[in-house]
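1. What follows is a predicted protein model with its sequence.
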Amino acid sequence: MKQPLPPLNPLKAFESAARLLSLTAAAEDLNVSQVAVSRQVKVLEDYLGVALFKRLHRGIELTDEGKELFDGIESAFQDIADAARKVSRRGRRDILSIQSYTTFSQRWLIPRLADFHKRFEATEVRISSSLKPVDFETQNIDAAIRSGFGDWPELHAEKLVDIELIPVCSPEFLENHQISKPEDLQGVTLLHSLARNHDWEGWFNSKKIAFDNHKGIRFDYSSSAYEAASMGMGVALAVKVFVEGMIEKGQLVSPFPESYKPGESYYLVWSNKASPSDALLKFLKWIREAMER
């Protein structure tokens, strides 16, 4: 059988008095009167049947039994405080860890995060970027932005927006090159994203135009291809929602505004083994509203 614990309130009074070696300081520490501390210590001494302090003229001093008890409970009280701090939500911000594609983060999410933090001040969103799918079993990630068809049996997937692709280039590039029909793109420099390596092939196939996938300049991320296009290096095939701001500012133009839909969408996903937190549901609601705007 487990040994019964000593009464906890007297034990806490003793711990404070032993740590501070003062009944007066312990009273201030516990926000009670000195008489109350003395009474609680006496209760513990009666329970244990030993004296825990030597009462001196100008203070107190631990007896041998008091030292032994204090050595045993000091770390235990700290362990209790640490455990309580880990689970307590008092005064703590909700931390939401989201993994996203680099281009999604740079071109859409990060520019709008200030609005989320303004609306939900108690929630802190931490963004990490990777092309690899999240391993929710081993990574400390709450949710991820993922593109595809939503058919991931191990994930709960909330659709955010369909992927629409449009060719884009700088206004100067369009002025200096004869681009009036889709076939004209066969004769200009195409800018590819290794993160979306088959987009151009799909676009040309949708137009029933022959395509050489080996020509052009390749970049690790779509955002780099968009920047190169704005600098006049060629034509990039962009996810429409990522370049609308650049088009509005005149940094990019689209020679063929009609979009190509490869059938994929962006999703917010999390493990289907875990229930979404309140912070994650707020984030989902916010991102959908922002997508609609």
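-> Received the coordinates, thanks.

2. roughly how far apart are the residue lying farthest from the centre of the chain and D64?
-> In the chain, counting by CA atoms, centre = their mean, H57 sits farthest out from the average C-alpha position, at 58.0 Å. When distance is defined by CB to CB, to the nearest Å, H57 is 21 Å away from D64. All C-beta atoms are positioned from the backbone trio N, CA, C, and that covers glycine.

3. hmm, back to that, give me the pLDDT value at the residue farthest from the centre of the chain.
-> The score at H57 is 79. That number is its pLDDT.

4. which ones are touching it?
-> By CB atoms under 8 Å, 6 or more residues apart in numbering, the contact set of H57 is empty.

5. Okay, it and T24: tell me how far apart.
-> 14 Å.

6. How about S271?
-> Counting by CB to CB, the gap from S271 to T24 is 54 Å.

7. More neighbours: those two, which one.
-> Between S271 and T24, counting by other CB atoms under 10 Å, S271 is the more crowded of the two (18 against 14).

8. wait, the more buried one sits on W152?
-> No. Using CB atoms under 8 Å, S271 is not in contact with W152, being 10.2 Å away.

9. isn't there a helix covering V168?
-> No. Assessed with DSSP: H, G, I helix; E, B strand; the rest coil, V168 is strand; it does not lie in a helix.

10. My guess is it contacts G245. True?
-> No. Counting by CB under 8 Å, V168 does not reach G245; the two are 11.9 Å apart.

11. middle-most residue in this structure, spatially?
-> Closest-to-mean residue, the chain, CA atoms, centre = their mean: S97 / 1.7 Å.

12. tell me the SS of it?
-> Put simply, S97 is strand when judged by three-state DSSP.

13. Quickly run through the sheet partners of the helix or strand in which R126 is found, with directions.
-> Using DSSP states H and E, the element containing R126 is strand 123-129. Under the criterion DSSP bridges, strand 123-129 sits next to strand 94-100 (parallel) in its sheet.

14. Mind listing what's buried along the partner strand?
-> Residues of strand 94-100 classed as buried by neighbour count (16 or more other CB atoms under 10 Å): D94, L96, S97, I98, Q99, S100.

15. Need the residues that contact that strand.
-> Taking CB under 8 Å, 6+ apart as the rule, strand 94-100 contacts 109, 122-130, 134, 139-145, 277-280, 283.

16. likewise stretch 235-242?
-> Outside stretch 235-242, the residues touching it (CB under 8 Å, 6+ apart) are 103-104, 107-108, 161, 163-169, 173, 179, 185, 188-191, 193, 196, 199-200, 203, 222-223, 225-226, 228-229, 252, 255, 259, 291.

17. What segments of the stretch 51-200 of the chain are helices?
-> Here the stretch 51-200 of the chain has its helices, by DSSP state H, counting those that start in this stretch, at 64-87, 102-104, 110-119, 171-176, 199-206.

18. Highest mean neighbour count out of these?
-> Most buried of the helices of the stretch 51-200 of the chain by mean neighbour count (mean count of other CB atoms under 10 Å) is helix 102-104; its value is a mean of 20.

19. V168 and G245 - which one has more neighbours?
-> V168 (27 against 13).

20. who touches the more buried one in this structure?
-> Applying CB under 8 Å, 6+ apart, the residues near V168 are Y226, A229, V235, A236, L237, A238, V243, M246, I247, L252, V253, S254.

21. and if you look at M246?
-> Shown in contact with M246 (CB under 8 Å, 6+ apart): V168, Y226, S230, L252.
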